[in-house]
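**Student:** My questions are about this predicted structure, shown below with the sequence.
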Amino acid sequence: MSDAYRYRTATAADMPAAHALSVHLKWPHREEDWAMVQRTSEGFVAEHHGQLVGVAFACHQGAYSSIGLVIVSDRHQSKGIGRQLMKLCLDAAAPRTPILNATESGSPLYVSMGFVEYARIQQHQGVPQTTQTVAATGDDRCRVLARDEYPQLIELANAGSGLDRTAVLNELLPTAECVAGIGVRGQLKGCALLRRFGRGYLIGPVVAQNLQRAQQMISYLLALTPGAFVRFDVLAECGLVDWLESLGLPCVDRAPRMVLGEPPQSRDGIAQFAMVTQAIG
C-alpha cells in the first residue's frame, strides 16, 4: 500500500475535517471560524488514503499574504508535510510578501525557510473580572458605526495594519456582534469589532490613533458581554498588555511574528492594537 501523500486546493467541504485536526490540538476554533478563513484565503490540504492529514492557508491582503492555520496530524509528523504545505502557500502568495504568526513549535520550520522574527504577539483571554470605563475627551465618544461608515473603517484598518483588509472585513462586518468606532468631526479615528469566536467572543481588529482610544473602544465592547469569555490577539508592544491583565485577562500564549522580506508598516498615525485573528494577522 502506497504511503504517498496527495496535495490539493482546500474546499469548503474540507472544513469539518480541518476542524477535527484543530480540536485534537485543543485549538478553540469553531467550524465556522475555519469556514471564514477558507472563504477569504487560498488553502491547501494533504491527504493520505483519502483522509485529510494536513492543512494550511494563505490569506492575500494587498502586497502581503498571511500564512496561517498550518496543521499536520500527529500520526503524520516528520514526513515533510508541513514543509510542502508551506511551499504551496508561498507559491500562492507570490509575488506578495509572506507573513505569519508562528507557534513556538512551528517557528524552526519557518526559520529554515528564510523567515525572520520582527515582532511578538500575545493571546489574552478569559472572563473579565472587572470593567474600567475609559473616559472620552471632548467629542471623542465611542458608538456603533453605521453601514455607510464601513468604507472609512476599512481604510482605517488598512492604515493600521499595513495590509489590505477589504476582503477580510467585507466578510466579517455583516456577522459582527458589534462594530464600534470613534469619530471626530466626521472623521473616523478608531474602530473595533466584537465577534463570535472559539469559546466565546473575540475583540479584533482594534485600530486607533492612540492607546486611550483603543482602550475606550474595548471597554465599550466588553460592557456588551458581561460574564462572557473574551479573547484578544494583541501586539506585545502595543501598550494594552498590562491593562488587559488588570481586567482579569491574562496572557496565555506568546508567539513570534515572522516575515520573508520587509514587514508591513502602519501609516497615517494609525496603529493596530489587536489583530483580526492570529491566523490572519
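**Tutor:** On my side now, so go ahead.

**Student:** For the stretch 1-150 of the chain, which residues score under the pLDDT cut-off?
**Tutor:** The stretch 1-150 of the chain contains residues with pLDDT under 70 at 1-3, 131-139.

**Student:** What segments of the stretch 51-200 of the chain are helices?
**Tutor:** Remark: helices of the stretch 51-200 of the chain, listed N- to C-terminal, are 81-93, 107-112, 150-161, 166-172; assignment by DSSP state H, counting those that start in this stretch.

**Student:** Could you point out which of those helices sits nearest residue 252?
**Tutor:** Among those, the nearest to residue 252 by Cβ to Cβ is helix 107-112 (17.9 Å). Placement of C-beta: from N, CA and C, glycine included.

**Student:** and the closest one, which residues are buried?
**Tutor:** Residues 107, 110 are the ones in helix 107-112 that count as buried (16 or more other Cβ atoms under 10 Å).

**Student:** ditto for stretch 54-73
**Tutor:** By neighbour count on 16+ other Cβ under 10 Å, the buried set for stretch 54-73 is 54-62, 64-73.

**Student:** From these, which land in strands?
**Tutor:** Taking DSSP state E as the definition of strands, the buried residues of stretch 54-73 contribute 54-61, 64-72.

**Student:** Domain-wise, how is this protein divided?
**Tutor:** 6-95, 123-274 (automatic domain parsing).

**Student:** Would you mind giving the ones you listed as CSV with distance to residue 110 added?
**Tutor:** Compiled in CSV, the domains of the chain are given as follows (distance: least, Cβ to Cβ, whole Å):
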stretch, distance to residue 110
domain 6-95, 8
domain 123-274, 5
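
**Student:** So which of those domains is nearest residue 114?
**Tutor:** Distance to residue 114, taken as Cβ to Cβ, is lowest for domain 123-274 among the domains of the chain, at 5.4 Å.

**Student:** Distance check, residue 21 against residue 45.
**Tutor:** In this view, residue 21 and residue 45 are 10 Å apart by Cβ to Cβ, to the nearest Å.

**Student:** Between these two, tell me which one has more neighbours.
**Tutor:** Using other Cβ atoms under 10 Å as the criterion, residue 21 and residue 45 rank with residue 45 on top: 23 against 20.

**Student:** Just list whatever residues bridge to the more buried one.
**Tutor:** On the basis of DSSP bridges, residue 45 is bridged to residue 8, residue 55.

**Student:** Please tell me I have it right and it contacts residue 51.
**Tutor:** No. Assessed by Cβ atoms under 8 Å, residue 45 is found out of contact with residue 51, at 10.2 Å.

**Student:** Kindly calculate the angle that the host helix or strand of residue 218 makes with helix 150-161.
**Tutor:** Element membership of residue 218 [criterion: DSSP states H and E] is helix 211-222. When axes from the mean of the first three to the mean of the last three Cα atoms, to 10 degrees is applied, the directions of helix 211-222 and helix 150-161 differ by 130 degrees.
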